[in-house]
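Colleague: need the 3D shape of this:
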Amino acid sequence: QWWPLAEIDQLDPTRPQQKTLLGQDLVIWRDGAGAWRVFADACPHRLAPLSQGRVEADGTLLCAYHAWRFDGKGACTSIPQARDDSQEALAKSSPR
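Modeller: Numbers count the residues shown, from 1 in each chain. From the prediction side, this is the model:
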């Protein structure tokens, strides 16, 4: 099933927006491919609201809390605090 969340004309493609549907907080944003995406409004790292982050120039969604970045499929693409590439790859592979 699907439910309408907002009219496209009312959405700002340059920033994430918070909406609530059936008691669940959601974030709506436009990714680098120009597709509108809807995720749970919680970063898997510390549950900070992704709607308080920003959309980067490459279309990834950046969490305002620790700057983790997510692509249009929800995959984590960057963890700035990782000490090295192997630590970052391990954290990005987490099913959360």
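
Colleague: what is the burial count for residue 8?
Modeller: For residue 8, the tally of surrounding residues (other CB atoms under 10 Å) stands at 9. C-beta: built from backbone N, CA, C; applies to glycine.

Colleague: so how far is residue 56 from it?
Modeller: 21 Å (CB to CB, to the nearest Å).

Colleague: over to residue 27?
Modeller: Counting by CB to CB, the gap from residue 27 to residue 56 is 14 Å.

Colleague: next one: residue 38
Modeller: Distance, residue 38 to residue 56, by CB to CB: 18 Å.

Colleague: what's the end-to-end length of stretch 71-89?
Modeller: 15 Å (CA to CA, to the nearest Å).

Colleague: please name the bridge partners of the spatially most central residue of the chain.
Modeller: Geometric centre of the chain, nearest residue: residue 61, 4.3 Å, by CA atoms, centre = their mean. In this entry, residue 61 is beta-bridged to residue 55, residue 70, by DSSP bridges.

Colleague: in the protein, what helix or strand scores lowest on average pLDDT?
Modeller: helix 85-92 (a mean of 70; mean pLDDT, DSSP states H and E).

Colleague: the longest strand that the chain contains pairs with which strands, and in what direction?
Modeller: Counting residues, the longest strand found in the chain (DSSP state E) is strand 24-30. Strand pairing for strand 24-30, using DSSP bridges, gives strand 17-21 (antiparallel), strand 36-40 (antiparallel).
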